[in-house]
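Q: What follows is a predicted protein model with its sequence.
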Amino acid sequence: MAVLPEVNKLGFFEIRLESIGGLGANLAGKMLAEAGIVGAGMDGVSFSSYGSEKKGSPVKAHIRFCELGTPIRDTSPIEHPHVIGIFHEALIKTGGASGVRPGGIVLVNSARSAQRIAEDADLQGCTVAVLDATRIALEEKNKVNMAMLGGLFRLCAFLDPEFMKDVIAKSLGKKYPQAVELAIRVFERGYSEIEMLEVPAKESDEASAKVPESPFGYLNQPLGGMVVTPGSSLLKDLSISRSGMLPAFDRATCINCAQCDTACPDLCFVWEEQPDKRGRMQMVLQGIDYQYCKGCLKCVEACPTDSLSRMLEQEGYADANQVKHRFDYVEA
Amino acid sequence: MAIDYSKEVTPGRVKQRMVYESGNEMAAYAAHQIDYHIMGYFPISPSTEVAQHLDLMKTEGKHGIRLVPSDGEHSSAGICYGASTGGGRVFNATSAQGYLYMMEQMPVQSGTRFPMVLNLVCRSVSGPLNIHGDHSDLYFALNTGWPILMCRDPQAVYDMNLIALKLAEDPEVRLPVMVAYDGYFTSHQKRRVQTFEDRADVMAFVGEYTPEGFANALDRENPITIGPYMNEPDYINNRYQMSEAMYRAEGVFERISAEYQELTGREYPMLDLYRMDDAEVAVFVMNSASETIKDVVDELRLQGIKAGAVAPNMIRPFPQRQIAEALQHVRAITVGDRADACGAHGGNMLNEIKAALFTHGNRDTQVVGRVYGLGGKEFGAEDGRRFFELAIEAAEKQTVNIPFDFYGHTPGDPTKAPKRLLKPLNFDELKTGLITVTPNEETGKLAVKIPPLRSLTKKPKRLAPGHGACPGCGIFSGLELFFKGIEGDIVTLFHTGCAMVTTTGYPHSSHKATYIHNLFQNGAATLSGLVEMFWERKRRGEFEGLGLQEDFTFVMVTGDGGMDIGMGPAIGAALRGHRMIIVEYDNEGYMNTGAQMSYSTPLGHRTSTSGVGKTQQGKSFHHKDTAQIMAATGIPYVFTGSEAFPQDLVKKAAKAQWYAQNVGLVYGKILIACPLNWMSPDDQGANIVDAAVSSNFFPLYEVEQGVTAITYNPEDKNKKVPVSEWLKRMGKTRHLLKPENEAALQEFEREVELRWSRLKARHEHPDL
């Protein structure tokens, strides 16, 4: 049986994966857990936090490893993991890296340097590991999760990567034998392409990551669970749902046919009434409100001209090029 | 206890094998080993996986259970009841509202004394929809006459499922038995589980066949009458027999449990007592929380506090004597109920434990009651410590300050109120005047004029952006396109489903106008009530000065699943002729709960309950023709539509509105893409539904006042494509194009062609 490098008070080595539905973190967590429990002969428990079965919304996977004979009684989500795997960089902003144990490791899927990630996430007293899993996945035409899984195996040295390769071969081999070699290559690249940085602890207050309480409690929640703020989902930022691609809009070639507006599931297109050359009022497409764009690219598919095109999202592009919806707010 | 951790491989007599699985997987695993005859089921989170795992095992030929996909839990209970009268073994799993929908059948099953096993994967029962774990569904089960076994972890789920069947079939009992485990906490957490390695050992334990000597409905020589009309003086005796059987279930459970322990080494007494021998303070909580609390007990013991924990393995019959004995020397106990018994001054367990103490003459133990962990709210070590603090305080003071309260609720900030963001929709913008609908005096049909789509972008969208649907989801492009054809104000009702869940995550809502949710068997009835209230209040002049310029258009939005379970109420509303629209977004499955098959799933398509494997190639029967069923009710207008043909759909929406405001009920079906579960690229939705239309699988047509008109004929336009051209675009159907499935593909093509030919005949003959 493998020996765990470190355990918490109750005897567990804990791993939390932070992801967006569709990136395969759920499956990665499952494979990681099986490698430890079936492969390395440890005991443990694993689960995912579920909302509903949607792609594009945040999802977490939790894995606890322990020695055989350790009572497993805690069913709650992992708050202070030894290892955090963040499958989508934007999750750092929403607290994805929170609660990592002193001396723990945070692995982030990012093209940026470990130093910048550490600064952005205000990480200290832990190791920051960076892996450009999205690039590997795009280059190899494979999924982010295989690369991340490779990275996680490197960080969990008590697990045997050969066992994992065997599992990949067995689970894919039956139906898609041609996919095995590719998946293993992506796994190996993830294993080897990690960049690691030890971030020293600043002597400071240990901030405990408490879940913020809802402002609406039993004293002020509207009766019956009603929502009395129609349309308030406009406050949400869905850019996190994009998995690398977004539509770029070129106004010069747009013929205002509205095919994109019909196709868009996320109501992203912004129109304005303007006089045309003859002075008649016409609806004219202004652009895309990227706050809501999930990058499905249906609009590109629908566009009869070259006005909409698919592009790999670059940092800052959406902010610089978006056209915001003008909602009819109660107060200006 | 569930697992004796001191001995990983327990010294039982049977050969055992370790698996690493979740609670739902273990319920399915036990069922497949027993090889039940029948399972009637219906999808609901978090129990659905049980049927999915069984379907998966079935595709691999691992069991022979006949899995019957029902049209709602009431039906699944009916299927199970009917099957159980036939003398074989019957299994089911459900949760929450699904359980309540089958509730009427529960006392029928127990009162007529037909055994079966039902897994209740506990989840909250609620108004504002919550799919997470608590015991509010379980508490409704307490008075149904079913013995109830409790499971704290996946190991117990497996073990109890084997014990449950033997208990149910025992001649002393002959009652259906429920196995209850916690939704998500246990159903979705994977753990090491010890199982019988050989199926033969399972069968030796539960018995190869059901016990003899009990009548069944399939015995030619011995006809019986099941469920007679029974009044007084006889009925009370039927109930007394049942009551006696229920109490006998305790002793029978203990006997079976001892036998099970001998075989497996795992012990299940009526009560699980943890460090209770000399405990002075204790906590009682059930299922998954009863494991969490043990860590707290250990911690307190290290501090010198004599703490202990009590949890039941069976709550029907209630272990009254055992509880009284366990608490004999305990100074105070906190009882946690994971559901409220609204108005009873305590949860069910609190009051039953108090009754146990009273009945057995214990007036000394202080009892604190708290309702905790509702709707998936976690119960962690910190909460366990707090429960013990309450007990310690009561023990010290020899009184309980607050005997009953909620725990874990939060007041919020009363200085804050939800702040309205948007002004009311501008009526003049919604009523563009760009769309005209004129009845033709001669034909009686409607003539519709619509502007280019570009002009309609001026009309405000009915939904605000920010909903949480998957990238490329076809629901909202389909619905918004439909709404482009509707002028003026709407009120909507959405059935449970993806569109509902993704637009109303509290405290946000994407709906700019009033929206109602009701569970997806009952939306049509609910909206019809609101429609009648509208007309009645209007008749009484009660809308004066309330900003209403024209009548609302009432629109019910449902998925295809909602037209399975909600078919009856939809037909009822149609026959009654309420002035409203039912629009169905058909994505060919129950996508919100994880892509189970619906009746609208076409033949051969892969879903999570119609898997593809050695012994099964996707769904085994043809898709439901809901539009024709609704047309047969004689409503004034029925249509089909798709976002791939926008002008066609906008026109139909305009007609739908006219009929719904002036004549009666309208039904429309929009085929929409689900990239996630169709296993297709996010950007291909419109192209795929286009191919579905162009292959004649999903013809665009309308039935206006009984007369059918095809509104887009791909044959006339030379745009017809083979069905395979549509099927090859989706991962869920690619297997149908393999040579070994040629027969199924041909059968499917034949059906598509048959329905198309009939439709053309109707198009040509107004009398058809």
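A: Okay, I see it.

Q: What residues of the helix or strand bottoming out on mean pLDDT in chain A count as buried?
A: Least confident element among the helices and strands of chain A, by mean pLDDT, DSSP states H and E: helix A:161-173 (a mean of 84). For helix A:161-173, burial by neighbour count (16 or more other Cβ atoms under 10 Å in any protein chain shown) applies to A:161, A:163-165, A:168-169, A:172. The C-beta positions use only the backbone N, C-alpha and C, and glycine is treated the same way.

Q: Name the residue most distant from the centre of chain A?
A: A:Arg278 (48.8 Å; Cα atoms, centre = their mean).

Q: which ones are touching residue 56?
A: Picked chain A for this. Listed by Cβ atoms under 8 Å, 6 or more residues apart in numbering or on different chains, the contact set of A:Gly56 reads A:20-22, A:238, A:240-241, A:294, B:468-471.

Q: please go with chain B instead
A: B:611, B:613 are the contacts of B:Leu56 under Cβ under 8 Å, 6+ apart.

Q: pLDDT (mean, whole number) over the strand or helix carrying it?
A: Assigned by DSSP states H and E, B:Leu56 falls within helix B:48-59. Averaged across helix B:48-59, the pLDDT comes to 96.

Q: now that helix, how far from the centre of its chain.
A: In terms of Cα atoms, centre = their mean, to the nearest Å, the centre of helix B:48-59 is found 16 Å from the chain centre.

Q: mind checking pLDDT for the closest residue to B:Gly547 other than its chain neighbours?
A: Of all residues not flanking B:Gly547 in the chain, B:Pro424 sits nearest, at 7.0 Å (Cβ to Cβ, 6 or more residues apart in numbering or on different chains). At B:Pro424, the pLDDT value in this model is 93.

Q: What is the burial count for B:Pro424?
A: When neighbours are counted by other Cβ atoms under 10 Å in any protein chain shown, B:Pro424 registers 13.

Q: one step back: the residue farthest from the centre of chain A and chain B, how far apart?
A: 16 Å (Cβ to the nearest Cβ, to the nearest Å).

Q: show me what contacts that residue?
A: Taking Cβ under 8 Å, 6+ apart as the definition, A:Arg278 has no contacts.

Q: Which of the helices or strands spans it?
A: Per DSSP H and E: nothing holds A:Arg278, as it lies in no helix or strand.

Q: Next one: it, what pLDDT does it get?
A: At A:Arg278, the pLDDT recorded in the model is 93.

Q: repeat for A:Glu79
A: According to the model, A:Glu79 scores 92 on pLDDT.

Q: Please identify the helix or strand for it.
A: Using DSSP H and E, A:Glu79 falls outside every helix and strand.

Q: hang on, it packs against A:Gly99?
A: Yes - under the criterion of Cβ atoms under 8 Å, A:Glu79 makes contact with A:Gly99 at 4.9 Å.

Q: residues in contact with the residue of chain B found nearest chain A?
A: Using Cβ to the nearest Cβ, the closest approach of chain B to chain A is made by B:Gly412 at 2.6 Å. The neighbours of B:Gly412, taking Cβ under 8 Å, 6+ apart as the test, are A:213-221.

Q: Can you turn the buried part of those into a ChimeraX selection?
A: Here is the ChimeraX command that selects the buried residues among the contacts of B:Gly412 (16+ other Cβ under 10 Å):
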select /A:216,221
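
Q: How about the contacts made by residue 250?
A: You didn't say which chain, so I picked chain A. A:306-309.

Q: I was after chain B.
A: Per Cβ under 8 Å, 6+ apart, neighbours of B:Glu250: B:270, B:314, B:317, B:319.

Q: tell me the SS of it?
A: helix (DSSP: H, G, I helix; E, B strand; the rest coil).

Q: where along chain A do the strands fall?
A: A:13-20, A:43-49, A:58-66, A:83-86, A:105-109, A:126-131, A:195-199, A:245-249, A:269-275, A:281-288, A:308-312 (DSSP state E).

Q: what bits of the stretch 251-400 of chain B have low per-residue confidence?
A: For the stretch 251-400 of chain B, applying pLDDT under 70 flags no range at all.

Q: How are the helices of it distributed by residue range?
A: B:288-302, B:320-326, B:348-359, B:381-397 (DSSP state H, counting those that start in this stretch).

Q: which ones are touching the nearest residue to A:Ser49 once chain neighbours are set aside?
A: Residue nearest to A:Ser49 in three dimensions, not counting chain neighbours: A:Lys60, with 4.5 Å by Cβ to Cβ, 6+ apart. Shown in contact with A:Lys60 (Cβ under 8 Å, 6+ apart): A:16-19, A:25, A:48-49, A:77.

Q: what does stretch B:69-82 contact?
A: Here stretch B:69-82 has contacts from B:38-42, B:44, B:51, B:68, B:90-92, B:94, B:98-99, B:101-102, B:104-106, B:108-109, B:114, B:116, B:118, B:521, B:564-565, B:567, B:596-597, B:599, B:609, using Cβ under 8 Å, 6+ apart.

Q: Double-check B:Lys652 against B:Lys669; I have them as touching.
A: No - here B:Lys652 lies out of contact with B:Lys669, judged by Cβ under 8 Å, at a distance of 10.5 Å.

Q: show me what contacts residue 322?
A: All of this is about chain A. A:287-291.

Q: Not quite, go with chain B.
A: Contacts of B:Gln322 by Cβ under 8 Å, 6+ apart are B:269-271.

Q: and with 7 Å instead?
A: B:270-271 (Cβ atoms under 7 Å, 6 or more residues apart in numbering or on different chains).

Q: try the one 10 residues further on
A: For B:Ala332, the contacting residues are B:281, B:365-366, B:368, B:391, B:394-395, taking Cβ under 7 Å, 6+ apart as the criterion.
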